[in-house]
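K.L.:
Make a model of this:
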Amino acid sequence: MTAVTASPASHAEHPAHAAKPGAPIGPRVASWASQLFMIVMTVLWITPIVFALYVALRPISETNKLGYVSLPHHLTLSNFADAWSQSGMWKFFLNSAYVTVPSVLLALFLASCVAYVVSRLSFAFNIPLLILFTAGNLLPQQVIITPLYRIYLALGIYNSYLGLILINLSFQLGFCVFVLSNFMKSVPLEIDEAALLDGASLWTRYWRLTLPLCRPALAALATLLVTWVYNDFFWAITLISTGDKRPITSALANLQGQFVANQNLIAAAALIAAIPTVLIYVLLQKQFIAGLSLGSTKG
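P.N.:
Have a look, this model is predicted:
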């Protein structure tokens, strides 16, 4: 009887020993599973980029003889030099800049104006106005291609940089308004009220008070917009008929022959075309991360 009664007491004195072996198994398994998932996703994400770089560094003669999935005999940078010289990529980089820079600047400016109105001012139609701008992102691009083509022909802006700027601006504006309006709602209204008491106009409150506080969100949006507009292929191939006016993404098709395509050359050109977006992200990396973190904790 003594052994029977002493056993519960001894377990009661040291409850941690009974719970310790099984307690950390659940969190540990979850941590391992999440790390394994992130490793697998990282490998799957990087593999196409690494393979494209591998193909771009191989001579086309070696690839034709041994195939794409084979060990290389030697690597060369000639594909990058040929892609730059044969396609005239510097002209298409300029074409992309003519479209991307105005589209991004106009989208950020107009979206910040609309976002300020719907988030900082109280009137009956601010929510419907926000829904109206956001609903534009739900419309598939392919649905409006026929009426848009006729409108562009009637206005005389088909096959022009202005046409590409307007269509990119139209489709990116709704998302920017949605993000900036949610961010501006996190800014204390007391700032506007104090400025209003000091006699500040609506433009002053927007331009000199609210907009500087939105720099992290604007930087994050600028990074995304540059990537989306610069990498656009559908509108560039649809609304531009002249090869010399096409942006860099659609101009890569110029490297493809009618019957034979040099995939090594195309891979090198695609990697060159990706350099500007990588540089933009590197330059705005701190602001981009700050914008994402602020947007996740405020509001």
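K.L.:
Any regions of the stretch 151-299 of the chain where pLDDT drops low?
P.N.:
By pLDDT under 70, the low-scoring segments of the stretch 151-299 of the chain are 256-260, 291-299.
K.L.:
And the one helix or strand residue 203 maps to, how far out from the chain middle?
P.N.:
Assignment of secondary structure by DSSP states H and E places residue 203 within helix 202-204. Distance of helix 202-204 from its chain centroid, counting by CA atoms, centre = their mean, to the nearest Å, is 31 Å.
K.L.:
So residue 267 sits against residue 50, correct?
P.N.:
No: the pair residue 267 / residue 50 is not scored as a contact, 11.3 Å apart, by CB atoms under 8 Å. C-beta here means a position set from N, CA and C on the backbone, and glycine is covered the same way.
K.L.:
of the two, who's got more company?
P.N.:
Neighbour comparison, residue 267 and residue 50: the larger count goes to residue 267, with 22 against 10 (by other CB atoms under 10 Å).
K.L.:
can you tell me which residues contact the more buried one?
P.N.:
Counting by CB atoms under 8 Å, 6 or more residues apart in numbering, residue 267 touches 52-53, 55-56, 79.
K.L.:
Confirm it sits in a helix?
P.N.:
Yes: counting by DSSP: H, G, I helix; E, B strand; the rest coil, residue 267 is found in a helix.
K.L.:
quick revisit: next, format the contacts of residue 267 as JSON lines and append pLDDT, distance to residue 207 and secondary structure.
P.N.:
Below are the contacts of residue 267 laid out as JSON lines (pLDDT from 0 to 100; distance: CB to CB, whole Å; DSSP: H, G, I helix; E, B strand; the rest coil):
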{"residue": "52", "pLDDT": "93", "distance to residue 207": "44", "secondary structure": "helix"}
{"residue": "53", "pLDDT": "94", "distance to residue 207": "45", "secondary structure": "helix"}
{"residue": "55", "pLDDT": "93", "distance to residue 207": "49", "secondary structure": "helix"}
{"residue": "56", "pLDDT": "93", "distance to residue 207": "46", "secondary structure": "helix"}
{"residue": "79", "pLDDT": "91", "distance to residue 207": "49", "secondary structure": "helix"}
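K.L.:
pLDDT score for residue 1?
P.N.:
We have a pLDDT of 42 for residue 1.
K.L.:
Use 47 as the first number for this chain going forward.
P.N.:
I'll keep to 47 as the first residue from here, and by that count the last item is residue 47.
K.L.:
sec struct for the most centrally placed residue in the chain, please.
P.N.:
The centre of the chain sits closest to residue 270, judged by CA atoms, centre = their mean, with a distance of 3.5 Å. Following three-state DSSP, residue 270 is assigned to helix.
K.L.:
now it: how far from residue 181?
P.N.:
According to CB to CB, to the nearest Å, residue 270 stands 20 Å off from residue 181.
K.L.:
next one: residue 141
P.N.:
For residue 141, the distance to residue 181 - CB to CB - is 31 Å.
K.L.:
Neighbour count: these two, which is higher?
P.N.:
Counted by other CB under 10 Å, residue 141 and residue 181 do not tie: residue 141 has more neighbours, with 21 against 10.
K.L.:
secondary structure class for the more buried one?
P.N.:
With three-state DSSP as the basis, residue 141 sits in helix.
K.L.:
got the contact list for the spatially closest residue to it that is not a sequence neighbour?
P.N.:
Sequence neighbours aside, residue 293 is the residue nearest to residue 141 in space, at 5.0 Å (criterion: CB to CB, 6 or more residues apart in numbering). Applying CB under 8 Å, 6+ apart, we find residue 293 in contact with 138, 141-142, 145-146, 210, 276, 278, 282, 286.
K.L.:
In helices, which of the residues you listed fall?
P.N.:
Among the contacts of residue 293, DSSP state H puts 138, 141-142, 145-146, 210, 276, 282 in helices.
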